[in-house]
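Trainee: starting from these lines, generate the structure:
(one chain, ligands or ions: 1)
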Amino acid sequence: MSAPNIETIVSLSKRRGFVFPASDIYGGLGSSWDYGPLGVELANNIKRSWWNWLVYERDDIEGLDSSIIQNRLTWKYSGHETTFSDPLVDCRACKGRFRLDKLQDVQCLNHPSVHPGEDKECDLTEAREFNLMFRTTVGAVSSDEDESALAYLRPETAQGIFINFANVLNTSRRKLPFGIAQIGKAFRNEVTPGNFIFRTREFEQMEMEYFCRAEDAPRLHQEWIDGFQEWIQSLGISAENLKLYEQSKEELAHYAERTVDILYRYFPEREDEEKQWDELMGIANRTDYDLRVHSKKPEDSEGKRINPDTTEDLSYFDPQTNERFYPYVIEPAIGVNRTLLAVMMDAYTEKTNDKGETRVILKLAPELAPIKVAVLPLAKNKPEIVELAKKLKRELQPSMRAVYDDTGGIGKLYARQDEIGTPFCVTVDHESLEDNAVTVRDRDTWEQERIPIDRLKEYLAQRL
Ligand code: GAP
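Mentor: Predicted coordinates for the structure are as follows:
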């Protein structure tokens, strides 16, 4: 089972402290969200899993953390200043503003049962391009319009990797193929944000640029497509809610030769099966486009440098073949927020207990669970039991995230932990004071096992 729709996760998130609407006390800010105590743990665990898998478990990937605000020339030469835009139309009748390529997904403001353009009264303007980059100014400038101070919040983390290619190559002494991984915030002034944390204006990306020889790029591209499907499933997401999508030539970004998206079933409630899916991540073959456009040597057909502003040449010298060339790059790019949404949707389960009550269980992979173990006293009016439970929590916490809770009856405490995905509850009862053992309850099976206290840490670590 998985969540029947995104709304189920929105309400669970708000109720239990995963995700809250941002600026809520001032009426909110369209499609902005804050991550609460559990949400930040879940997001951190997703990021840690990605980083471990790429940077620690392999031998060919380095990490990086580049600036959010870069020199504006980065975005001039990457092509984002001229091409990172959506085509917009306005409706003179309903005064709505829509993305031309998404008219089918939105409703006319006057007649919500139809799409803009389908209604006779709709009066759509010609499309015009709207650049998605957020503008800002750097330094104490006299006017916000001062072009010399203009800068952008990065719309992708990738460019920070390309402009640092020579720095990483020279300091790490890498040979092709090798990758550079980065996690960080990205910003896009999306025209139609929405669907909870699926499309927002501020979000977080996990991007890796894998540099290689042109002739190896198609094979490595396929290897990363296969590899990421496996990693996503290792997060507990089931294969039946994932599928691949090959972008058509018309859909490809200006830099890409081939892009394959991994889609997740974010909208299972939709009748039309085709409309249930949307992009979780993209895996692109960006060719040598980016390293070339940021380099000082390449020239156009008239012999002019295509980039007269850069001081660096981002080519690679192969000492074995004595060749110098611009490496190709394979880019698996995935959003932290969309991953978190897919992980929560897939983990969502309902189960009926002996009393016929429906309980929510978030069957998160233990690696991702915000809290690994909850220590619960069976009787909170018995000081020895409370003391022992608190002591156990303190002993477990350095090696695994643990909480102590005595704010309800045991049934309620179990239900609360199930709903937030805690894999294990440890109950301290009257017998614990005699036999030095506790009851460990499994979130998914609700089975209970008696474990000696001196073996508890080892037992939990093994099962986690
Ligand atoms: N460097 C390539 C790149 O940025 P992208 O497909 O535009 O490619 C990569 O973005 C991933 O970032 C997407 O697959 C998605 O997971 C996430 N993402 C993109 N725009 C987003 C938005 N507005 N809100 C949330 N996540 C977004």
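
Trainee: and the nearest residue to L100 once chain neighbours are set aside, how many neighbours?
Mentor: Of all residues not flanking L100 in the chain, P87 sits nearest, at 4.1 Å (CB to CB, 6 or more residues apart in numbering). From N, CA and C alone the C-beta is placed, and that goes for glycine too. Each residue near P87 was counted by other CB atoms under 10 Å, and the total is 15.

Trainee: what does the stretch 251-400 of the chain have sitting close to the ligand?
Mentor: By CB under 6 Å from any ligand atom, the part of the stretch 251-400 of the chain that sits against the ligand consists of 279-282, 331, 333-335, 337-338.

Trainee: re earlier: can you check the pLDDT for the residue nearest to L100?
Mentor: pLDDT for P87: 91.

Trainee: cool, I410 as well?
Mentor: The per-residue pLDDT reported for I410 equals 95.

Trainee: my read: it touches D429, true?
Mentor: No. Using CB atoms under 8 Å, I410 is not in contact with D429, being 9.1 Å away.

Trainee: and those two? Which one has more around it.
Mentor: For I410 and D429, the more surrounded residue by other CB under 10 Å is D429, and the numbers stand at 20 against 17.

Trainee: can you tell me how far that one is from L378?
Mentor: Remark: distance between D429 and L378 (CB to CB, to the nearest Å) = 4 Å.

Trainee: now do the same end-to-end measure for stretch 130-141.
Mentor: 25 Å (CA to CA, to the nearest Å).

Trainee: show me what counts as buried in it.
Mentor: 131-133, 137 (16 or more other CB atoms under 10 Å).

Trainee: and the helix or strand where V426 lies, what does it pack onto?
Mentor: Taking DSSP states H and E as the criterion, V426 maps to strand 424-428. With contacts defined as 3 or more CB pairs under 8 Å, 6 or more residues apart in numbering; DSSP states H and E, strand 424-428 has these neighbours: strand 373-377, helix 383-396, helix 410-420, strand 437-442, helix 453-463.

Trainee: mind checking the pLDDT average for whatever helix or strand comes next after it?
Mentor: Following strand 424-428 in sequence order, the next helix or strand is helix 430-435 (DSSP H and E). Helix 430-435 carries an average pLDDT of 96.

Trainee: now stretch 48-65
Mentor: For stretch 48-65, the per-residue pLDDT averages 98.

Trainee: how much space separates the residue of the stretch 301-450 of the chain found nearest the ligand from S78?
Mentor: Here the residue of the stretch 301-450 of the chain nearest the ligand is G335; by CB to the nearest ligand atom that distance is 2.7 Å. The gap separating G335 from S78 is 19 Å, by CB to CB.

Trainee: just I232 next, same as before
Mentor: Counting by CB to CB, the separation of I232 from S78 is 28 Å.

Trainee: before we move on, back to that, for the strand holding V426, which strands pair with it and how are they oriented?
Mentor: strand 373-377 (parallel), strand 437-442 (antiparallel) (DSSP bridges).

Trainee: the lowest-mean-pLDDT helix or strand in the chain pairs with which strands?
Mentor: Least confident helix or strand, the chain: strand 97-99 with a mean of 87, by mean pLDDT, DSSP states H and E. Sheet pairing of strand 97-99 (DSSP bridges) gives strand 85-90 (antiparallel).

Trainee: buried ones in the partner strand?
Mentor: 86, 88-90.

Trainee: which one of the residues you listed is nearest the ligand?
Mentor: Nearest to the ligand among the buried residues of strand 85-90, with distances taken as CB to the nearest ligand atom, is D86, at 11.2 Å.

Trainee: wait, the closest one sits on A127?
Mentor: No. Here D86 does not reach A127: they are 9.3 Å apart, not a contact under CB under 8 Å.

Trainee: in contact with the nearest residue to I6 once chain neighbours are set aside, which residues?
Mentor: Excluding its sequence neighbours, the residue lying closest to I6 (CB to CB, 6+ apart) is F196, at 5.2 Å. Residues near F196 by CB atoms under 8 Å, 6 or more residues apart in numbering: 6, 9-10, 19, 33, 341.

Trainee: mark which of the residues you listed are part of helices, please.
Mentor: If you go by DSSP state H, those have 6, 9-10, 341 in helices.

Trainee: would you point out which residue is most central in this structure?
Mentor: V336 (1.3 Å; CA atoms, centre = their mean).

Trainee: the closest residue in space to that one that isn't next to it in sequence and the ligand: what is the separation?
Mentor: Closest residue in space to V336, ignoring its immediate chain neighbours: E204 at 3.9 Å, by CB to CB, 6+ apart. To the ligand, E204 is 8 Å away according to CB to the nearest ligand atom, to the nearest Å.

Trainee: among the ones in helices among the contacts of F196, which one has the most neighbours?
Mentor: Top of those by neighbour count (other CB under 10 Å): I9, with 26 neighbours.

Trainee: pLDDT at that residue, what is it?
Mentor: Note on I9: pLDDT of 98.

Trainee: quick one: residues contacting it.
Mentor: 3, 196, 341, 344-345, 348.

Trainee: now for these, which pair is the farthest apart?
Mentor: Pairwise distances across the contacts of I9 (CB to CB) peak at 13.5 Å, for the pair F196 and Y348.

Trainee: re the thing from before, just give me the closest of the contacts of F196 to E271.
Mentor: Of all the contacts of F196, I6 has the smallest distance to E271: 16.1 Å, by CB to CB.
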